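A.B. asks: Structure here, sequence nowhere to be found:
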């Protein structure tokens, strides 16, 4: 049935609105809501009578405009009243539907709200559109929605606050707080599901009313805001039960170090709390629980494990690893760093120094690089790297000092130092690494923490001070042995690396003059005795020392020049001799006394007449070529080759000149007493005992000592040993002359101390000449600065230097201030 209002609203030129009225001008208007109302007459055209319109054919065409007059003054008002009634009923219908949707199903009821709704989802959707889009009554619907949400949330909050969890056994009873979390999650799931349903059904409310009224919250935002305020703010019991559940869960996992059976509920809880803007409170509570737990546990463990810091560290590192994994498994990524930092701070407390000082040294000793790397990573998070650095320095210093002070193992000192240095470098380059991100390529690289490099250098420098001069001396001796031995079976690169590593130790010593003196002396021996494995390596080493360490090593270059000139001079001398002359067996090295670190021995060696004649002949030849030069003979480093006949056959003995003089005595007598040998050779007693030890007490005994023994006494007798045998025809009898004897070391060190006194005295004079007036403290500071490239003088040495300068009238004390000194021109 068509009513007048419908006819009036049809648009378009081709509308058939008026042709729809066929039978009569009268038509019944029915109410919009379908309620019973009295029939009313429809409007009539004023140009036609009722009879005419009734009898007119329905197919009559009307030409021209048609004028429609509405008779009666209540028709429009009637439509408005009917529309309001309809909209009111639809609003009540929506409110009832919202209330049903937000009401949890009762026992036995279906979870699907459609079974309880008075209208279908399509009907709710259409009614919302009618109210919002047609009736423009979105504000009323929005208010009713808010009211229903508030009432629903109050019911939900009361239910959560008083909900009792059923349990079957004691294990479940202990988990009641955690089980309550599951119930809370279920209620949150239900509520959020209902809100999603409402947002879908009331789309027109969101899309028309909310968007048309800026500042009005969407259905979802309104619901979640009310949820947060009602559940978490107005009902504190719910927050308390949540905290209790989280506490029970996390403490179970920390106590038993196992994942709880309900752990899977935690991510769900976090998702709901995040959706309702409550995650910050959860995170804060989670951190507080961790602080409380680990503060107590770490304090108890530190007390019970105070004698076993390694066990404490192992436990703590395991705890931190567990916490990191728990965070990665359950918490949002934004919480990882916070939890890791807070847990680290409370778990370590003030025990970082204790742990580091008690464990680092042991980990280095057993080469546990993995544990050291773990410690570095964990300590770095809590700004505790400085404690590892300090502990590393302390353990390195202790190790270096123990090696340096071990006088019984002096010969192995450098090898042991190099071994430890290699281990320490490996630890630094493997365990103490920082990540560095490239700004251009975004690649991550690692680089060592140089604080540990500096700490290791400090440890070696201070460790070397534990024994005055000795480390520098032993480094020089190590290089001497290495240069004599040569590279052997190792590659050239490895051999050079070994030499460089020994030179690296040289940088740590303050006694650089000691190293330089011993190195010069041993280099001279290697060159004169032709014991160096490679002249090229000798020259390269000398150049490196000169260029990278100390320019004074350049003085040794004169040694190579002297040797070259001496070889040329000997070739010329031999060319002038007769073919039968014994002088062809003679080889002389003419050395400049200023370039070679030797002093002439006071005793004069008694050479056999034939040898003495050859030396005299060369002396006359040399003086004829160099009239202004004086030759002084030093036989301490001379060598000779002797032919000897034993029962096993003829052997060629390569011996020193001292050994030669002693052995030649046995051509005249088979047995000699020690005093007679001393008288016949003229060798100093200490030196003679060393020579006889090498001939009668070593591995190659060409002489027999009576009585047998390792030491030579003044009442010993010596005989030629005809039973000597050796698998080689040419036998080298190790001469102690090639080594630095303890006496020689002592003489060298005494010489160094004397040179140091002169250095200090000269430095004081130079400083005072430039400054004129200084206090003793200023003199001390500037003197140390002046000589530190060679050695670090002691305060006592500087005091003695000042006293010497005063006594020799280079300085004078101030009459009023005895601590002040004046330079005397």
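C.D. replies: Received it, and whenever you're ready, just let me know what you need. Just so you know, these numbers come straight off a predicted model, no measurement behind them.
A.B. asks: Could you point out which residue ranges in this structure have low pLDDT?
C.D. replies: 1-81, 108, 165-174, 438-442, 601-603, 734-741 (pLDDT under 70).
A.B. asks: what's the longest helix in it?
C.D. replies: helix 742-771 (DSSP state H).
A.B. asks: in the stretch 101-250 of the chain, which spans are strands?
C.D. replies: Ranges of strands in the stretch 101-250 of the chain, per DSSP state E, counting those that start in this stretch: none exist.
A.B. asks: residue ranges for the helices of it, please.
C.D. replies: Ranges of helices in the stretch 101-250 of the chain, per DSSP state H, counting those that start in this stretch, are 121-129, 138-162, 170-174, 176-201, 203-204, 211-212, 219-227, 236-256.
A.B. asks: Roughly how far does residue 644 sit from residue 661?
C.D. replies: Separation of residue 644 from residue 661 (Cβ to Cβ, to the nearest Å): 15 Å. Where C-beta positions appear, they are placed from N, C-alpha and C, glycine not excepted.
A.B. asks: what about the residue nearest to residue 161 when sequence neighbours are not counted, neighbour count?
C.D. replies: Excluding the flanking residues, the one nearest residue 161 by Cβ to Cβ, 6 or more residues apart in numbering is residue 237, at 4.3 Å. A count of nearby residues for residue 237, using other Cβ atoms under 10 Å, gives 12.
A.B. asks: how about residue 471, what does it touch?
C.D. replies: Counting by Cβ atoms under 8 Å, 6 or more residues apart in numbering, residue 471 touches 404, 413, 417, 464, 505, 508-509, 511.
A.B. asks: picking that back up, so the residue nearest to residue 161 sits right up against residue 163, yeah?
C.D. replies: No - contact between residue 237 and residue 163 fails when scored by Cβ atoms under 8 Å: they sit 10.4 Å apart.
A.B. asks: Helix or strand next in line after the longest helix of the chain, which one?
C.D. replies: strand 773-775 (DSSP states H and E).
A.B. asks: neighbouring contacts of that next one?
C.D. replies: 767-768, 782, 814, 817, 819-823.
A.B. asks: Those residues, buried ones only, as a ChimeraX selection?
C.D. replies: This is the ChimeraX syntax for the buried subset of the contacts of strand 773-775, where burial follows 16 or more other Cβ atoms under 10 Å:
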select :767,768,782,820,821,823
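A.B. asks: And the strands in the chain?
C.D. replies: 433-437, 444-448, 639-646, 649-656, 671-673, 703-706, 717-720, 730-732, 773-775, 811-813, 820-823 (DSSP state E).
A.B. asks: With residue 456 as the reference, name the closest of those.
C.D. replies: strand 444-448 (10.9 Å; Cβ to Cβ).
A.B. asks: Just the buried residues of the closest one, please?
C.D. replies: residue 448.
A.B. asks: Sheet partners, orientation included, of it?
C.D. replies: The pairing partners recorded for strand 444-448 under DSSP bridges are strand 433-437 (antiparallel).
A.B. asks: Residue 287 against residue 337, yeah?
C.D. replies: No - under the criterion of Cβ under 8 Å, residue 287 makes no contact with residue 337, lying 11.9 Å away.
A.B. asks: Looking only at neighbour counts, state which of the two leads.
C.D. replies: Neighbours were counted for residue 287 and for residue 337 using other Cβ under 10 Å; residue 287 has more, 17 against 11.
A.B. asks: The residue lying closest to that one once chain neighbours are set aside: neighbouring residues, count only.
C.D. replies: Nearest non-adjacent residue to residue 287, counting by Cβ to Cβ, 6+ apart: residue 342, 5.1 Å away. Neighbour count for residue 342, taken as other Cβ under 10 Å: 18.
A.B. asks: so what's the residue most central in space within the chain up against?
C.D. replies: The chain has residue 433 as the residue nearest its centroid, 2.8 Å off, counting by Cα atoms, centre = their mean. Residues in contact with residue 433 (Cβ under 8 Å, 6+ apart) are 373, 376, 446-449.
A.B. asks: of all the contacts of strand 773-775, which comes closest to residue 263?
C.D. replies: Closest approach to residue 263 among those (Cβ to Cβ): residue 782, at 71.6 Å.
A.B. asks: Distance-wise, check the closest one relative to residue 769.
C.D. replies: 12 Å.
A.B. asks: The residue nearest to residue 287 reaches residue 290, doesn't it?
C.D. replies: Yes - using Cβ under 8 Å, residue 342 is in contact with residue 290, at 6.5 Å.
A.B. asks: what are the ranges of the helices in the stretch 451-600 of the chain?
C.D. replies: For the stretch 451-600 of the chain, the helices defined by DSSP H, counting those that start in this stretch occupy 470-485, 492-506, 512-529, 535-544, 557-575.
A.B. asks: How about residue 139, nearest residue that isn't a chain neighbour?
C.D. replies: residue 209 (7.0 Å).
A.B. asks: I misspoke; the intended subject was residue 110.
C.D. replies: residue 116 (7.7 Å).
A.B. asks: So what does the one you found have for phi and psi?
C.D. replies: phi -110, psi -10 (degrees, to the nearest 10).
A.B. asks: what do you get for the one 4 residues further on?
C.D. replies: Taking degrees, to the nearest 10, you get phi -70, psi 170 for the backbone angles of residue 120.
A.B. asks: gap between it and residue 93?
C.D. replies: The value you get for residue 120 to residue 93, if Cβ to Cβ is used, is 11 Å.
A.B. asks: which one of those two has more residues nearby?
C.D. replies: residue 93 (17 against 11).
A.B. asks: residue contacts, that one?
C.D. replies: Contacts for residue 93 (Cβ under 8 Å, 6+ apart) come out as 118-119, 123-124, 127.
A.B. asks: Residue 369: which of those is nearest?
C.D. replies: residue 124 (69.3 Å).
A.B. asks: What number of residues are in the vicinity of the closest one?
C.D. replies: Counted by other Cβ under 10 Å, the residues lying close to residue 124 total 23.
A.B. asks: re the thing from before, for the helices of the stretch 451-600 of the chain, could you give me JSON lines that also reports distance to residue 151?
C.D. replies: Converted to JSON lines, the helices of the stretch 451-600 of the chain look like this (distance: least, Cβ to Cβ, whole Å):
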{"stretch": "helix 470-485", "distance to residue 151": "88"}
{"stretch": "helix 492-506", "distance to residue 151": "82"}
{"stretch": "helix 512-529", "distance to residue 151": "91"}
{"stretch": "helix 535-544", "distance to residue 151": "91"}
{"stretch": "helix 557-575", "distance to residue 151": "103"}
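A.B. asks: which parts of stretch 323-338 are buried?
C.D. replies: By neighbour count on 16+ other Cβ under 10 Å, the buried set for stretch 323-338 is 323, 326-327, 330-331, 335.
A.B. asks: Let me fix that, I meant to ask about stretch 610-618.
C.D. replies: Those would be 611, 614-615, 617-618, for stretch 610-618 by 16+ other Cβ under 10 Å.
A.B. asks: Same check on stretch 566-585?
C.D. replies: Of the residues in stretch 566-585, 566, 569-570, 573, 577, 583 count as buried by neighbour count, 16+ other Cβ under 10 Å.
A.B. asks: cool, and stretch 137-146?
C.D. replies: 137-138, 140-142, 144-145.
A.B. asks: from the residues you listed, which is closest to residue 481?
C.D. replies: residue 145 (95.4 Å).
A.B. asks: Can you give me the distance of that closest one to residue 799?
C.D. replies: Remark: distance between residue 145 and residue 799 (Cβ to Cβ) = 97 Å.
A.B. asks: same question, residue 388
C.D. replies: For residue 388, the distance to residue 799 - Cβ to Cβ - is 41 Å.
A.B. asks: Comparing these two, which residue is more hemmed in?
C.D. replies: Regarding residue 388 and residue 799, a neighbour count based on other Cβ under 10 Å identifies residue 388 as having more, with 28 against 14.
A.B. asks: Which residue, other than its chain neighbours, is closest to the more buried one?
C.D. replies: Nearest non-adjacent residue to residue 388 (Cβ to Cβ, 6+ apart): residue 356, at 5.0 Å.
A.B. asks: That neighbour - how many residues pack around it?
C.D. replies: When neighbours are counted by other Cβ under 10 Å, residue 356 registers 25.
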